[in-house]
Structures are given as C-alpha cells and as structure tokens.
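A.B. asks: How does the following fold in three dimensions:
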Amino acid sequence: MNDNVYNELLNLVTEGRNPESEGLDDKSTEDILHIINRQDHLIPEVVKTQIPYIAQAVDMLIKAFRSGGRLFYVGAGTSGRLGVLDASECPPTFGTDPQMVQGVIAGGEKALTRSQEGSEDKVQAGRDDLVARGLTDKDIVCGIAASYRTPYVLGAIAKAREVGAKTIYVTCNPREKVNIEVDVAICAVVGPEILMGSTRMKAGTATKLILNMLTTTAMVGLGKVYGNMMVDLMMTSRKLEERSKRVVMMTTGVDYEKAARLLHVADGHVKTAIVMELAGVDKAQAQKRLEKNDGFIRRAIR
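C.D. replies: Below you'll find the model as predicted:
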C-alpha cells in the first residue's frame, strides 16, 4: 500500500520539484518573495483555462439550488479549510440558509485549526460524513483535492454517485490524470509548488479563486445580486447594517435617513426596501413581486 502511494505521488504535478525555486534556502528575503510573487502571477491565467468547466458547474448548482438541493464541499487539510471558508461566507454575503452550502472537512471541526493528517486516508469517513448530513439525489458534492487522489474525498464522491447526487471535482493536476467519474472536473494545473508538495500555496490560491467563482456566480443566477451589489446580505453586524443602507441609497437615490426608514419597514430586507422605493409599492406588494420573479429585483420593479 505504501509503495502504491509513493508511486502515485511520484507522478503528480503538485508533488514535483519547481526549478524556479531551487536553492531557495540560499536566497535573500526579497529574492524569495519575488520568486513566490512571480509564481503567483501564473495562477489567474491557469484558472481562466477552466472557465468552460466552471460554467458547467455553476449552471448545475443553480439548477440544484432552485430545486432545494445543497452544495457540499468536501476536502482535507487546506482544501477542506477552503471549502469550509467559502461555505461559511455564503449566509452573511447572500442571506442563504447555512444548510444550503456546507463545508465538510476530514477530521471534523478540530481539523480547521489543527492538522489531522491521518484523517484524509479514511475512505469510509468521507462516505459517512455525507450520510450524516442526509445526502440526497438533489444535492451536489464538490470534491476538493489538489492532488486529486485524497481517499477521504474519493469516498465522498463515490457515495454521492451512489445516491444519484451530481458531482464536481476541483484539482490541480492534469485532466488526463483525473480518472474519477464525476459530472464536472475543474483542473487548474498551476505546476509544482515553490516548496515541493506544499499545496497550501499556488494550489490553495487557485482553489480559492475557483470556489469564489462557483458560489458568487451561482448566487447571481439566483437573483441575490442587483447590478454588482449584494442585496440579500444579512444585517447581522453594524458593518452589514451600514452596508445595507448604502446599497439602498446607491440603488434608489434616497438619502441616509430614508434608507434607514425603508429598511426598518422592510424588516431589514434590502431587496424588499429597494423594490418598495423603485416600484412605489408597500412591503407586502414588494414581497409578492419578488416572490413572483424568483427574487430578481430587476424583474420585480418592471
């Protein structure tokens, strides 16, 4: 078994040695930083090559969300933490139910702050963790594994396919090496890391960019954005309260005091406040218009 793992790692791009950073321990501080920076500049262009696949995944997500499905990010280590991070940002940013996008990490919550390396090797745990969350065929499971071969993630993907859930895979190894049956594979090949095998670096950055694109674009498709502004955010902090007022002011042209009044009448719901003002209707009518138009403000005010 150990020989198999060794041979697998031997052929992975993410485990290769980067010629651009050889002799790193003999460089000055600024030289090291320039090397890291030059390598980081490669990442957005690599992600750009995957946009057709990211688009397929987004369309799949929008369809699932509209049908009451959920998105489960599944990963270990850095990949798992990035999934949990993206999931945790959705409720305050887009007003989503916390169950709608969930991050599942090998080793559980304690792995968020302290490495649980052995947990990534447990195939059954990946399956069990999704079963515990009531996985159904309405849901989507997005496996995140820079190396593509993480057993915990592969177990989760296998379980997803068993129940008929759609699957996405985010990895940083070439498509031809990803011999896993999934609906959409997103393969951002950013090359060997500056520190050999340290996929928290370029692979982690690429993964963060991709997850940002997946959920943000899906939420636009669900009507949670008006223009380029967040309009389904939750007023759970003073900052978000003030941001809500600013959004109402910018979209309707009202002053600060009226924005505050509109939000008060709308029970803090930014969308409702905007439609009330722009369509000249009361709260009940604004809510009906939004419901009839799937939450899209632009349609609701026409």
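A.B. asks: Going by residue numbers, what spans are strands in the stretch 1-150 of the chain?
C.D. replies: Under the criterion DSSP state E, counting those that start in this stretch, the stretch 1-150 of the chain carries strands at the ranges 71-75, 101-105, 140-144.
A.B. asks: ok, residue 235 - contacts?
C.D. replies: For residue 235, the set of contacting residues under the criterion of Cβ atoms under 8 Å, 6 or more residues apart in numbering consists of 241, 244, 263, 268. C-beta coordinates here come from the backbone N, C-alpha and C atoms, glycine included.
A.B. asks: Kindly recompute the last result at 7 Å.
C.D. replies: Contact criterion Cβ atoms under 7 Å, 6 or more residues apart in numbering gives 241, 244, 268 as the residues in contact with residue 235.
A.B. asks: now, which of those lie within strands?
C.D. replies: Of the contacts of residue 235, none are assigned to strands by DSSP state E.
A.B. asks: List buried residues within these.
C.D. replies: In these, burial by neighbour count holds for 241, 244, 268, counting by 16 or more other Cβ atoms under 10 Å.
A.B. asks: Closest one of the residues you listed to residue 258?
C.D. replies: Each of the buried ones among the contacts of residue 235 was scored against residue 258 by Cβ to Cβ, and residue 244 proved nearest at 13.3 Å.
A.B. asks: Pretty sure that closest one sits against residue 233.
C.D. replies: Yes - look at residue 244 against residue 233 with Cβ atoms under 7 Å: they come within range, at 6.4 Å.
A.B. asks: shared neighbours, these two?
C.D. replies: What both residue 244 and residue 233 touch, as defined by Cβ under 7 Å, 6+ apart, is the set residue 270.
A.B. asks: Look at residue 186 and give its secondary structure.
C.D. replies: Three states are possible here, and by DSSP: H, G, I helix; E, B strand; the rest coil the one that applies to residue 186 is strand.
A.B. asks: So what's the residue count around it?
C.D. replies: Using other Cβ atoms under 10 Å, residue 186 has 28 neighbouring residues.
A.B. asks: what pairs with it across the strands?
C.D. replies: For residue 186, the residues forming beta bridges with it (DSSP bridges) are residue 170.
A.B. asks: Please name the residues that touch it.
C.D. replies: 50, 53, 54, 57, 168, 169, 170, 210.
A.B. asks: Among those, which one lies nearest to residue 177?
C.D. replies: Proximity to residue 177 was ranked across these by Cβ to Cβ; first place goes to residue 169, at 11.7 Å.
A.B. asks: Just give the number of residues close to that closest one.
C.D. replies: Going by other Cβ under 10 Å, the residues that sit close to residue 169 add up to 25.
A.B. asks: which residues of the stretch 151-300 of the chain fall in helices?
C.D. replies: In order along the chain, the stretch 151-300 of the chain carries the following helices (DSSP state H, counting those that start in this stretch): 151-163, 202-221, 238-252, 256-265, 270-279, 283-292, 297-300.
A.B. asks: Kindly report the same for the stretch 1-150 of the chain.
C.D. replies: According to DSSP H, counting those that start in this stretch, the stretch 1-150 of the chain carries its helices in the segments 2-10, 29-40, 43-48, 51-66, 77-94, 123-131.
A.B. asks: Report the buried residues of the shortest one.
C.D. replies: The neighbour-count criterion (16+ other Cβ under 10 Å) identifies 43, 46, 47 as the buried residues of helix 43-48.
A.B. asks: same check, this time on stretch 104-117
C.D. replies: Per 16+ other Cβ under 10 Å, stretch 104-117 contains these buried residues: 104, 105, 106, 107, 111, 116.
A.B. asks: ends of it, how far apart?
C.D. replies: Terminal residues of stretch 104-117 are spaced 15 Å apart (Cα to Cα, to the nearest Å).
A.B. asks: Just give the closest residue to the spatially most central residue of the chain, not the sequence neighbours.
C.D. replies: Among the residues of the chain, the one closest to the centroid is residue 211, at 3.1 Å (Cα atoms, centre = their mean). Spatially, and ignoring its direct neighbours in sequence, residue 211 is nearest to residue 86 (4.2 Å; Cβ to Cβ, 6 or more residues apart in numbering).
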